[in-house]
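Engineer: need a structure here:
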Amino acid sequence: PTPTEQTKQPKPHPTTSIMASSNATEGSAALQDQLDALNAKITKQGSQVRVLKKASSSNGDEIASAVAALKQLKLEAESIRQKKEELDPTAQFNRKVFDELILRKMFIIPSFEIHGGVKGLFDLGPPACALKASMVDVWRKHFVLAESMLEMECTCLTPAVVLKTSGHVERFTDLMVKDPVGGECFRADKLLEDAIDELIEENPDMPTSEREEHMRIQIQADAFSPAELDEQMVKYGCKAPSGEPYGPSFPFNLMFKTSIGPEGTAVGYLRPETAQGLFVNFRRLLDANAQKMPFAAAQIGLGFRNEIAPRSGLLRVREFTMGEIEHFVNPDDKSHPNFSSVASKELVLFGRDDQLGTGKTKTMAVGDAVSTGVVNNETLAYFMARTQLFMEKIGMDPTRLRFRQHLTTEMAHYACDCWDLEIHSSYGWVECVGHADRACYDLSVHGKATKTPMVATLKLDEPREIEAAKLKFDRKALGKTFKANQRVVASAMEALAENWVDFEPIATALETEGKATVDGFEITKEMVTWKKTSKMVHEIKFTPSVIEPSFGMGRILYSLLEHCFYQRDADEQRCVMKFKPAVAPQKCAVLPISSGAEVNAVVDEIAADLLESDMATRVDKSTAALGRRYARVDEIGVPFAVTVDFDTLTDGSVTLRERDSMAQIRLPKADVTGLVFDIVHGRFTWEEAIAKYPVVQVKED
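Structural biologist: Below is the predicted model of the structure:
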């Protein structure tokens, strides 16, 4: 053989390529199985760490050992994840090209950019602003209009007493320290954790016992009191950027605090969620719904959280749009009248048993999930299915959606069941919609704090006999102890006495301990006597439970951008946003083949007609090549493009191009607006358009 022949590489046989691809797929699947199993172990170990940290009986060594095991599992999972990506590099997301497109086309930009910007604050440019508006419009039609919900728009500024009642004032607090020179603030426990990490890294020969002691302190960093944390900061030599020791630690609330009114005496906060406005208006909403139950209220608006370390773009920001629904329902009957319409809808469920067991999801019909007890009740499952349908409607990739159930260690004590819709993006699985059965907690705490009955009434078809308590008060004893609050205490007792089930715990406490607490007042046995009795009732009053779907619109918007992004033929210069026509920022582009006055007149005519039908339209009369102009509108996700050419001037026809297939049809210009409008509104499809009109071949180069 000649030297040339020796260096020739034989072309792989087609069968060889198929087998290689098959082997890669099998290898990837095997690694995914390993990853699922490890993720289950990580979830289980993480749950154990949370339990140990909460338990007062746990010692530092036990916690340190559990955390070390958790870190090791995470390292193993990351190693397998990297191997999986190496096996299939095409599955990797090209974040560099994506980020460049998002910034270049002004989808999302840093706020106050020319002044250096502020972490956690972003502006939506024209394309993303229109995309979000379309997305919210679909949300409102899909939920508020279709479900006959009562929509409100409540104030963002909230008095402190409201958020103190809801628990936000207490719950949103971390310890902070301040640089005494520069005044910059930092989260204290994170500084301590970083200092310990640096100490261990700088001393690789440190004795095991000493390293474990440092790790024990690191693990407890978020549980120290201010005095304990200050002591540890000094011990580990934590210094501020100025070189000086930090000032004493102090509580930092993640809500934005302000004052209401010029006096500065009324404390308020920018709301961290929109829900509280709906809860405090429950009685008026019930009246607006003619006292009928169940019913739902909804609100779309801004929420604010003063995040200490904003990151991951729109996934963790300080100002965000939320869409929240509060569905009020009888706690004894959580069925939903429209459940049958979604019972057959299949969802990808990641239940708590699967998270702690196999680490794999299950695909299950909603009806089966409720009947088998995987999802607690019909109403919760109904909204989960409706959320899935909404995501599909706006163009989210269904294969990258799942519902993850909260572990028992994650749920609030009052919650019955919680499921998060998670969307997979380049940041991994991200919670974007929470679905929580919050029981009666919210209405109960606001009712108790304001002495306002947050109750609904169930009219009975036939009178029902119930057990109650007949009370007799010692008014003199009540008045002596409670003075002006005497009537408040008596009313609270009488409300409980309406049903023996509610009053029995009070009666038991008075009998066994001689005292009981009712709405914060301590009642003694001498103040009241009672007798168990029965009575006929025609209606039953109850505090409604709340089923709450809560949508993070910013996270959904970002995930949609990632799901719709792709590169045509893997060419970094040909980026496309495949937005569904219903949510696309602009529905159609109109492009002239030449700059002639007659051609431009037709362009303006078609654009005006499209705009008359409320469809955002882009006109590009530049002298760039037609293919380049197509590429420009592809980058911002315009689904259709009309081209006016010289034939238009003779026969009145134009071409209509579809973005993803790049296929073009020839049709009368008079048909353009009607066709695009029908496709945008789901009344017609592109496949039907191809069957109706002749397809033409047009070179885009």
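
Engineer: from now on I want contacts and neighbour counts done on CA atoms only, so please keep to that.
Structural biologist: OK.

Engineer: from Phe640, how far off is Lys587?
Structural biologist: From Lys587 across to Phe640, the span is 7 Å (Cα to Cα, to the nearest Å).

Engineer: give me the common contacts of those two.
Structural biologist: Residues touching both Lys587 and Phe640 by Cα atoms under 8 Å, 6 or more residues apart in numbering: Val676.

Engineer: those two: who's more crowded?
Structural biologist: Lys587 (26 against 23; other Cα atoms under 10 Å).

Engineer: quick one: what helix or strand has the most centrally placed residue in the chain in it?
Structural biologist: In the chain, the residue lying closest to the centroid (Cα atoms, centre = their mean) is Cys432, at 2.5 Å. Counting by DSSP states H and E, the element that carries Cys432 is strand 428-437.

Engineer: I'd like the next helix or strand past that strand.
Structural biologist: Strand 428-437 is succeeded, C-terminally, by helix 441-450 (DSSP H and E).

Engineer: who does that next one touch, helix- and strand-wise?
Structural biologist: helix 160-166, helix 275-280 (3 or more Cα pairs under 8 Å, 6 or more residues apart in numbering; DSSP states H and E).

Engineer: pull out the buried positions in that helix.
Structural biologist: Buried positions in helix 441-450, judged by neighbour count with 16 or more other Cα atoms under 10 Å: Tyr441, Asp442, Leu443, Ser444, His446, Gly447.

Engineer: verify the stated contact: the fourth one with Met454.
Structural biologist: Going back to what we said before, that points to Ser444. Yes - with contact defined as Cα atoms under 8 Å, Ser444 and Met454 form a contacting pair (7.0 Å).

Engineer: overlap in contacts of these two?
Structural biologist: Thr543.

Engineer: picking up where we left off before, my read: the residue nearest to the centre of the chain touches Phe551, true?
Structural biologist: Yes - between Cys432 and Phe551 a contact is recorded at 6.3 Å, counting by Cα under 8 Å.

Engineer: is it possible to export the buried residues of helix 441-450 to TSV including distance to Phe224 and pLDDT?
Structural biologist: Converted to TSV, the buried residues of helix 441-450 look like this (distance: Cα to Cα, whole Å; pLDDT from 0 to 100):
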residue	distance to Phe224	pLDDT
Tyr441	29	92
Asp442	30	92
Leu443	33	94
Ser444	32	92
His446	31	94
Gly447	34	91
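
Engineer: which one among those gets closest to Met577?
Structural biologist: Ranked by distance to Met577 (Cα to Cα), the buried residues of helix 441-450 are led by Asp442 at 41.4 Å.

Engineer: right, and the helices and strands packed on helix 441-450 - which one's nearest Asp368?
Structural biologist: Asp368 sits nearest to helix 275-280 of all the helices and strands packed on helix 441-450, at 30.4 Å, using Cα to Cα.

Engineer: report the rounded mean pLDDT for the closest one.
Structural biologist: The pLDDT scores in helix 275-280 average 95.

Engineer: alpha carbons of that helix, as PDB, please.
Structural biologist: Extracted in PDB, the C-alpha atoms of helix 275-280 (Å, rounded to 0.1, in the frame of the first residue of the first chain):
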ATOM      1  CA  ALA A 275     -52.000  36.100  49.100                       C
ATOM      2  CA  GLN A 276     -52.500  38.100  52.300                       C
ATOM      3  CA  GLY A 277     -54.700  40.700  50.500                       C
ATOM      4  CA  LEU A 278     -57.100  38.000  49.400                       C
ATOM      5  CA  PHE A 279     -57.200  36.400  52.800                       C
ATOM      6  CA  VAL A 280     -58.100  39.600  54.700                       C
END
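
Engineer: in it, what's buried?
Structural biologist: Ala275, Gln276, Gly277, Leu278, Phe279, Val280.

Engineer: measure stretch 103-114 end to end?
Structural biologist: 14 Å.

Engineer: contacts for it, please.
Structural biologist: So stretch 103-114 is contacted by 102, 117-118, 121-129, 635-636 (Cα under 8 Å, 6+ apart).

Engineer: so how far is Leu560 from the residue nearest to the centre of the chain?
Structural biologist: Separation of Cys432 from Leu560 (Cα to Cα): 11 Å.

Engineer: can you check Val177 too?
Structural biologist: 38 Å.

Engineer: and the pLDDT at the closest residue to Asn499 other than its chain neighbours?
Structural biologist: Counting by Cα to Cα, 6 or more residues apart in numbering, Ala468 is the residue found nearest to Asn499 once chain neighbours are left out, at 4.5 Å. Listed pLDDT for Ala468 reads 92.

Engineer: what about Ala468, which SS state?
Structural biologist: Recorded secondary structure, Ala468: strand (DSSP: H, G, I helix; E, B strand; the rest coil).

Engineer: bridged to Lys470, which residues?
Structural biologist: Note on Lys470: beta-bridge partners by DSSP bridges are Lys531.

Engineer: that one against Ser534, yeah?
Structural biologist: No - in this structure, Lys470 is not within contact of Ser534 by Cα under 8 Å, at 9.1 Å.

Engineer: so where is the protein shaky, pLDDT-wise?
Structural biologist: Along the chain, the parts satisfying pLDDT under 70 run over 1-28, 53-60, 84-91, 309, 570, 701.

Engineer: recalculate using a threshold of 50.
Structural biologist: For the chain, the stretches with pLDDT under 50 are 1-21.

Engineer: which residues in the stretch 101-250 of the chain form strands?
Structural biologist: Using DSSP state E, counting those that start in this stretch, the strands of the stretch 101-250 of the chain run over residues 108-110, 122-124, 150-151, 157-159, 173-178, 185-187, 250-253.

Engineer: coming back round to it: the residue nearest to Asn499 against Lys532, yeah?
Structural biologist: Yes - using Cα under 8 Å, Ala468 is in contact with Lys532, at 6.0 Å.

Engineer: now do the shared contacts for those two.
Structural biologist: By Cα under 8 Å, 6+ apart, the residues touching both Ala468 and Lys532 are Trp500.

Engineer: those two: who's more crowded?
Structural biologist: Legend: neighbour count by other Cα under 10 Å for Ala468 and Lys532, higher for Ala468 (21 against 15).

Engineer: contacts only, for that one.
Structural biologist: Neighbouring residues of Ala468 by Cα under 8 Å, 6+ apart: Ala497, Glu498, Asn499, Trp500, Val501, Phe503, Lys532, Thr533, Ser534, Lys535.

Engineer: same check, this time on Phe304
Structural biologist: By Cα under 8 Å, 6+ apart, the contact list for Phe304 reads Met255, Phe256, Leu270, Arg271, Pro272, Glu273, Arg318, Glu319, Phe320.

Engineer: could I get those residues as TSV with distance to Asp614?
Structural biologist: Shown next, in TSV, are the contacts of Phe304 (distance: Cα to Cα, whole Å):
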residue	distance to Asp614
Met255	39
Phe256	39
Leu270	35
Arg271	34
Pro272	35
Glu273	32
Arg318	33
Glu319	30
Phe320	27
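
Engineer: from the residues you listed, which is closest to Val234?
Structural biologist: Distance to Val234 across the contacts of Phe304 (Cα to Cα) is lowest for Met255, with 28.6 Å.

Engineer: for the nearest residue to that closest one once chain neighbours are set aside, give its distance to Val317.
Structural biologist: Using Cα to Cα, 6+ apart and skipping the chain neighbours, the partner closest in space to Met255 is Arg305 (5.2 Å). Separation of Arg305 from Val317 (Cα to Cα): 8 Å.

Engineer: ok, Ala29 next?
Structural biologist: For Ala29 relative to Val317 (Cα to Cα), the value is 35 Å.

Engineer: the two: which is more packed in?
Structural biologist: Each of Ala29 and Val317 has its neighbours counted (other Cα under 10 Å); Val317 has more, 22 against 13.

Engineer: what packs against the one helix or strand Ile547 maps to?
Structural biologist: Ile547 belongs to strand 545-552 when assigned by DSSP H and E. Packing contacts for strand 545-552, counted by 3+ Cα pairs under 8 Å, 6+ apart, involve strand 319-329, helix 378-394, strand 428-437.
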